[in-house]
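Peer 1: Here's a sequence, model it:
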Amino acid sequence: GGGSCGSETVAKVRKGRREGRKSVQGEERRKEEGMAAFVSGAAKAAAAERGFAGAAVCDSRRGGVAARREQTVRMVAPGVLEKKQKIVESVKEDLQSAMMVFSVPIGGLTMKQTTQLKNAMPASTKVRCVKNTLMQRAIEGSDEWSKCEEFLAGHNAWFFVQEDGFKETVTELNAFLKANKKVESNAIRGGVMAGTVYDSNGVVAVSKLPSKQELYQQIAVSIRQVPTKVARATKAVPTKLARAIKLAIADEEKTE
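Peer 2: This next block holds a predicted model:
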C-alpha cells in the first residue's frame with residue numbers, strides 16, 4: 001500500500017513538473033510572439049512613415065516642378081500667343097488683297113531654295129510659309145477662303161496672288177521648279193478663288209486668262225480702230241457711186 005501511494009505521489013509530481021514546464025514554455029512562446037508582433041508592427045510603422053515621407057518629398061518636388069513650369073508658361077505664353085495672333089491677322093490682310101491663293105509643298109526644298117523662290121516672284125505676289133494651324137484660324141468662317149482647308153496638310157508655301165501678277169507668278173514658279181528639278185515633287189497642289197477650289201491644272205489655266213488691264217487694252221485698241229474702218233468705208237461709198245453713175249450713163253447712150 002505504501003509503495004502504491006509513493007508511486008502515485010511521484011507520478012503527480014512529475015505531471016506537475018511537466019505542466020509547469022509547458023506553462024513556462026507557453027508563456028515564453030507568447031512573449032516571443034508578442035515581441036515579434038511588436039517588432040513587425042514597429043517595422044511596418046517605420047516603413048509606412050518612410051513611405052509617407054518619401055511620398056511627401058516626391059509630392060513636394062512635383063509641386064515645385066509644376067510651379068516652375070506654370071511660372072514659365074505664364075512668362076512665355078503671353079508673348080507666344082501675341083506673336084501667333086499677329087501672324088493670323090497678317091494672313092487675313094493678305095487674303096483681303098488677293099485674287100487667288102494657292103499652295104505649293106515645300107518638302108525637299110532647302111532654306112536657300114525657298115528664299116530664291118520667294119525672290120523670283122513679282123512684287124504684287126506674297127509667298128508665306130504659314131503653319132497649318134495658323135492658316136486654319138485665318139480662313140475660319142470665311143466664305144471666300146475657308147475652302148483652302150483642303151490643302152492644309154504637310155508643309156506648304158502659300159502664294160497670295162493679285163490679278164496683275166498672276167500670269168508672271170505661275171510662269172516664274174514653273175521656271176524655278178524646272179531649274180531645280182522639282183516639277184513632280186513640288187508642283188502646285190491647288191488653290192481657291194472667289195470661293196471656288198481649283199486643282200493644279202485649274203490654277204495654271206486661270207493664270208493664262210487675260211487680266212482686266214489686258215482686256216481694257218484690247219478694248220481700247222478696238223475702239224481706236226473703229227473710226228479708221230468707218231472712214232475707209234465712207235471713202236469707198238462715193239467711189240462706188242461714181243462708178244455706178246458712169247455705168248448707167250453709158251447704158252443710156254447705148255440705148256439711144
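Peer 1: how about the helices in the protein?
Peer 2: Defined through DSSP state H, the helices belonging to the chain, from first to last, are 2-97, 111-120, 132-139, 166-179, 200-207, 212-255.
Peer 1: if I look at residue 127, how far off is residue 94?
Peer 2: 10 Å (CB to CB, to the nearest Å). To be clear about C-beta, it is placed using only N, CA and C from the backbone, and glycine gets the same treatment.
Peer 1: Kindly report the same for residue 86.
Peer 2: Counting by CB to CB, the gap from residue 86 to residue 94 is 13 Å.
Peer 1: Check residue 128 too.
Peer 2: In terms of CB to CB, residue 128 sits 7 Å off from residue 94.
Peer 1: In contact with residue 144: list those residues for me.
Peer 2: For residue 144, the residues meeting the contact criterion (CB atoms under 8 Å, 6 or more residues apart in numbering) are 95, 192, 194-195.
Peer 1: again, only using 6 Å
Peer 2: With CB atoms under 6 Å, 6 or more residues apart in numbering as the criterion, the residues that contact residue 144 are residue 195.
Peer 1: For it, report the pLDDT, please.
Peer 2: Note for residue 144: predicted pLDDT of 95.
Peer 1: same check, this time on residue 149
Peer 2: Confidence per residue is given as pLDDT, and for residue 149 that number is 96.
Peer 1: The closest residue to residue 143 other than its chain neighbours: neighbouring residues, count only.
Peer 2: Closest residue to residue 143 in three dimensions, ignoring its sequence neighbours and counting by CB to CB, 6 or more residues apart in numbering: residue 195, at 5.9 Å. Taking other CB atoms under 10 Å as the criterion, the count of residues near residue 195 is 11.
Peer 1: could you measure residue 195 against residue 82, distance?
Peer 2: If you measure residue 195 against residue 82 using CB to CB, the figure is 31 Å.
Peer 1: Looking at residue 127 and residue 94 now, which is surrounded by more residues?
Peer 2: Under the criterion of other CB under 10 Å, the comparison of residue 127 against residue 94 puts residue 127 first, with 20 against 16.
Peer 1: So in terms of bridging, what pairs with that one?
Peer 2: In this structure, residue 127 bridges to residue 159 when assessed by DSSP bridges.
Peer 1: ok, it touching residue 157?
Peer 2: Yes. In this structure, residue 127 sits in contact with residue 157. The criterion is CB atoms under 6 Å, and the distance is 5.5 Å.
Peer 1: Just list the residues touching the residue lying closest to residue 126 once chain neighbours are set aside, thanks.
Peer 2: With sequence-adjacent residues excluded and distances taken as CB to CB, 6+ apart, residue 126 is closest to residue 160, at 4.5 Å. In this structure, residue 160 makes contact with 94, 98, 101, 126, judged by CB under 6 Å, 6+ apart.
Peer 1: Closest one of those to residue 210?
Peer 2: residue 98 (18.8 Å; CB to CB).
Peer 1: shaky segments in the chain?
Peer 2: Counting by pLDDT under 70, the chain shows low-confidence ranges at 1-13, 15-17, 19-27, 31, 34-78, 211-218, 220-222, 224-256.
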